[in-house]
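Peer 1: Sharing a sequence plus its predicted fold:
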Amino acid sequence: MEKVFHWRNSIINYVEFGSGPETLICFHGYGQDCTVFNVLEPSLGKKYRLVSVDLPFQGKTIWREEEKLNNELLADLMERFLHHVKASDHISLLGYSIGGNYALGFAVAFKNKINDLWLIAADGLKRKPAFNFITKTKIGQWVFKQFILSPGLFFSTARFIKRLGFVNKKTLKFYKSTVDTKSKRQELFDRWSSTARISPGVKKSIEEISDSQIKSYLIYGKNDSVISYRSALRFQSKVQNCKVVLVDKGHRLLVTETNKVVSKLLGQ
């Protein structure tokens with residue numbers, strides 16, 4: 001059953017499932033919703049009660065916050081939400097794809113309250129200068145707004161880059177599918193902006209998590225053309241208590257087969 005949590009001016013939609021004694025807060029990927037983690041209930045549901053939320057500007061969450069999510073606001077959001085869902089003092093986090101930024105953000109902000117960190121084909125472990133330019137600078141935001149109104153130059157440039165061999169057809173098709181209408185381009189800007197406000201960045205993530213007792217479990221696809229598994233290996237080399245599993249798949253890892261990988265990591 002879907003539920004809602006009211007915070008400040010926003011309404012956050014979420015679902016709960018699983019029968020485990022620990023609480024696992026889950027953050028989905030781009031264009032998805034809170035139900036996508038149901039497929040992992042057979043494995044994760046034995047250890048955790050999964051609380052999966054719709055991210056800002058996605059699913060049924062109504063996000064009306066204009067103020068930047070600083071540490072004080074993040075603390076207030078997390079504490080009130082955990083009280084609302086009756087979680088214990090210590091929780092775990094799971095992030096898939098773009099949801100990895102949220103999992104990392106909360107892991108860094110509340111590292112002393114986090115038991116496990118699950119990153120599945122997760123974004124947030126690779127430096128992205130272009131993303132930061134678009135979301136965190138006034139010039140970049142202006143450029144993106146021009147793109148929302150007139151995307152012709154982008155599509156021409158994308159085709160040129162493809163011909164040069166800098167990006168494969170599958171990757172280009174994925175990104176073009178997210179910006180082929182004006183409403184999709186506006187959604188992309190809103191979703192990226194909210195993600196940028198909570199993402200701690202690669203350096204800070206490594207520093208804070210390596211200096212904690214958090215256990216990290218990373219599952220990435222060897223054939224992922226969206227997010228490379230190499231970022232997971234670099235993270236593992238610098239963070240203690242970190243396990244990485246590479247599977248013979250692409251980016252779509254929220255599938256029944258992943259239960260076997262999760263169960264093995266948990267020793268089930």
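Peer 2: Yep, it's here. Numbering: from 1, shown residues only.
Peer 1: Tell me where the stretch 51-200 of the chain has helices.
Peer 2: 71-84, 99-109, 129-136, 138-149, 152-164, 169-177, 182-198 (DSSP state H, counting those that start in this stretch).
Peer 1: hey, least reliable of those by pLDDT?
Peer 2: Mean pLDDT is lowest for helix 152-164 among the helices of the stretch 51-200 of the chain, at a mean of 52.
Peer 1: How about the contacts made by the residue nearest to H84 when sequence neighbours are not counted?
Peer 2: Leaving out its chain neighbours, the residue that sits closest to H84 by CB to CB, 6 or more residues apart in numbering is F5, at 5.1 Å. In short, each C-beta sits where N, CA and C put it, glycine included. Counting by CB atoms under 8 Å, 6 or more residues apart in numbering, F5 makes contact with I11, I12, Y14, R80, F81, H84, V85.
Peer 1: Show me the beta-bridge partners of V247.
Peer 2: For V247, the beta-bridge partners under DSSP bridges are G221.
Peer 1: Could you report the neighbour count for it?
Peer 2: For V247, the count of nearby residues is 19 (other CB atoms under 10 Å).
Peer 1: Was I right to think it contacts G221?
Peer 2: Yes: the criterion here is CB atoms under 8 Å, and V247 meets it with G221 at 5.8 Å.
Peer 1: picking up where we left off before, neighbour count added to the contacts of F5, as JSON lines?
Peer 2: What follows is those, written out as JSON lines (neighbours: other CB atoms under 10 Å):
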{"residue": "I11", "neighbour count": "14"}
{"residue": "I12", "neighbour count": "22"}
{"residue": "Y14", "neighbour count": "22"}
{"residue": "R80", "neighbour count": "13"}
{"residue": "F81", "neighbour count": "17"}
{"residue": "H84", "neighbour count": "16"}
{"residue": "V85", "neighbour count": "16"}
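Peer 1: Spatially central residue in the protein, please.
Peer 2: Residue closest to the mean C-alpha point of the chain, counted by CA atoms, centre = their mean, is G99 at 1.1 Å.
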